[in-house]
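Participant: just to be clear, the model below is a prediction. Sequence and coordinates:
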Amino acid sequence: MRYYLVDTFADAGHLGNPAAVVPLPALPGSGLMQDAAHRIGVPTTAFVAPIAPGEYRVRWFTPFAEINLCGHATIGSARHLFAQAESAGSRRLRFVSDNGVLYTYKVRDLIAIDLPKAVLTNCDPPPGLLEALGVEQAVSCAVSSDDVLVELTSAGAVAAVSPDFAALAGQPFRGHIVTAPGAPGADFVSRTFFPSLGVDEDQVCVTAHCKLTPFWSRRLGRRSLTALQLSQRGGRLEVEDGPDGVRVLGSAVPRGGARELALDAVDTS
């Protein structure tokens, strides 16, 4: 099995979020893909197979679980596929998943992805959440269908968050987003944690910006914003809040050529 590594949202000051892209003529069984993603060991591996010119079937796996949407691995896949002969001259690619259809575009030297906008409902912090995050108080809290968003006072407070990941995994959410007004060079900052999926901290989480973009767009009164993810590797994003969705734009830097994973070393049971 041949795969490619791509660092998304990387720039001169940020290393970005690595993804693996596995292009195949057809997608294999779930067990093989899960085992391969575990062996590759990056936050998300995208498996892609052609359906028609400019259209691909896609599934995403962390090292421990399949997930229903991954923006950064889709951006990484688009960067790889745009460079292939069959996509020469294309400016849009279509990815078909079990959770719907995603479109990616070439925009300047960036890759853009259109995503659905999440609906947030304000709430009090659920019991045990702040303690699990290791913070004493929140400015605000909101939930979506799968994640919880906690606003803190400053970028420094976000950078200082030190979660108890075992306690966080016991919370009834897929993901946990902490955010605050921006540091220099960004309108807002964030960190994201997904311990229940085997990813304690996601280095740059695109799907979290389906929540963060409308949250900060309303707060700041602007549709186009710049964001920083304050993870260890760090990443920079451009986001646009549209009437029906969110557009996220970022860099995608291939990390060398193809790598091989021996199929006979993969447990397909």
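Facilitator: Structure's in. What do you need?

Participant: residues contacting residue 9?
Facilitator: 16, 17, 72, 204, 229, 235, 236, 237, 250, 251, 252 (CB atoms under 8 Å, 6 or more residues apart in numbering). The C-beta positions use only the backbone N, C-alpha and C, and glycine is treated the same way.

Participant: next one: residue 241
Facilitator: Per CB under 8 Å, 6+ apart, neighbours of residue 241: 117, 213, 214, 217, 223, 224, 225.

Participant: mind doing that once more with 10 Å?
Facilitator: Each residue near residue 241 by CB atoms under 10 Å, 6 or more residues apart in numbering is listed here: 117, 209, 212-218, 220, 222-225, 247.

Participant: of the contacts of residue 9, which belong to strands?
Facilitator: Taking DSSP state E, the ones among these that sit in strands are 17, 229, 235, 236, 237, 250, 252.

Participant: any idea what the closest residue to residue 152 other than its chain neighbours is bridged to?
Facilitator: Excluding its sequence neighbours, the residue lying closest to residue 152 (CB to CB, 6 or more residues apart in numbering) is residue 180, at 4.7 Å. Taking DSSP bridges as the rule, residue 180 bridges to residue 189.

Participant: picking that back up, compare the contacts of residue 9 and tell me which is most surrounded.
Facilitator: residue 204 (33 neighbours; other CB atoms under 10 Å).

Participant: still on that earlier bit, now pLDDT too, for the contacts of residue 9, in JSON lines please.
Facilitator: Shown next, in JSON lines, are those (pLDDT from 0 to 100):
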{"residue": "16", "pLDDT": "94"}
{"residue": "17", "pLDDT": "94"}
{"residue": "72", "pLDDT": "95"}
{"residue": "204", "pLDDT": "94"}
{"residue": "229", "pLDDT": "95"}
{"residue": "235", "pLDDT": "94"}
{"residue": "236", "pLDDT": "94"}
{"residue": "237", "pLDDT": "96"}
{"residue": "250", "pLDDT": "96"}
{"residue": "251", "pLDDT": "96"}
{"residue": "252", "pLDDT": "96"}
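
Participant: now the two most distant members of those.
Facilitator: Taking CB to CB, the two most distant members of the contacts of residue 9 are 229 and 252; they sit 15.1 Å apart.

Participant: please identify which of the contacts of residue 241 is nearest to residue 141.
Facilitator: Nearest to residue 141 among the contacts of residue 241 is residue 215, at 11.2 Å by CB to CB.
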